[in-house]
Structures are given as C-alpha cells and as structure tokens.
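Student: let's see this in three dimensions:
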Amino acid sequence: MAAVITPSICYRDPKGAAAWLCDAFGFTLTVAIESPDGDPLRSHYEVSPDGDAAIAVSGRWSDWTCSPADLDGASTQWLAVALPVELGAAGLNAHCERARAAGATITQDPADEFFGARRYRAIDPEGHHWAFTVHLRDVSHAEAEAAIGAPIARWG
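Tutor: From the prediction side, this is the model:
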C-alpha cells in the first residue's frame, strides 16, 4: 500500500466547518466522531472531495492547535485539491461559483496556469486557504520553463 498523507485542519466549530466544506466545495462527509463528553472541540470529522482522499477537520483540542481565526487570519499552510479531469474548465468555474455563493472569499478567479491546469483560490470562513485545480493539458518541461522564464530543476 502506498503512503497516505491526511491533512488535518483546525476550526473553532469543526462540525459546522465540515458541513460548510461539503456545501461550499462539494466534499462528502466520510467520518463523524462526536466527543463522548460533548465537547465539540474534541470531535473529529473527515471530508473528501472524491470519497478516497481525506481531510481531517478538528477543533482546538490542544494548545498547539488553532484556526487561522485565532491568529488574525495567519496560516501556516494552504490546501491544494486537484479535482477530477472530467470536470474540465467549465466545471472548475462552476465549482468556484458554488464556493463563492456559500461565502468563500475568492482570492484568485479561475485562470489557466503555465503548468497545464486551471486554478482558483479561496479562503473559507475561518481563514484556511484553498486552491482548486483541474488538469487541462500536458505541458513539457521546456514549455513550462519558457512560460515562466526560469529553469525548473525537476518536472513531472
């Protein structure tokens, strides 16, 4: 079995965040564990864009865990989600509009990128940054270097 990385992101309201992620980004709730003591911050949820990949959604269960909302919007990471290629450019555009309608702050409207994908960027209500892409075409190493005007040490 291949290694699996599951990002885990903290929210002030993890249950509400899991529901919002499903509504705004079309994720599916795959795990819901309510804390036995009723503390919502000790509950655990997982959402998935496709039923396979998982993103853990948790509360502030330790001093070292926090939401960007606890840090004046600062964040130490962002999440990149590659959507199914079948979605195409129009599907990514619709995905962005769904997120916008649900209250996401769109920081980059959908645009074709030098690496052969279409991408948009969004911020969720607690300040987590997201990038959604859909692959449009294969791009060679030389093509990518020419597009950005700089060498790329590794490609593909």
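Student: regarding the residue lying farthest from the centre of the chain, what is its secondary structure?
Tutor: Ranked by distance from the centre of the chain (C-alpha atoms, centre = their mean), the top residue is Asp37, with 29.6 Å. With DSSP: H, G, I helix; E, B strand; the rest coil as the basis, Asp37 sits in coil.
Student: please shift the residue numbers so they start at 41 in all later answers.
Tutor: All right, first residue 41 from here; so that's Asp77.
Student: how's this structure carved up into domains?
Tutor: 41-99, 114-196 (automatic domain parsing).
Student: ok now the last one, how far from the chain's centre?
Tutor: Pointing back at domain 114-196 there. 10 Å (C-alpha atoms, centre = their mean, to the nearest Å).
Student: mean confidence score for it?
Tutor: The average pLDDT within domain 114-196 is 94.
Student: quick revisit: mind checking pLDDT for the residue farthest from the centre of the chain?
Tutor: pLDDT for Asp77: 88.
Student: with Val44 instead?
Tutor: For Val44, the predicted pLDDT is 82.
Student: how far away is the residue farthest from the centre of the chain from Asp63?
Tutor: Going from Asp77 to Asp63 by C-beta to C-beta, to the nearest Å gives 28 Å. Using the backbone N, CA and C atoms, a C-beta is placed for each residue, glycine as well.
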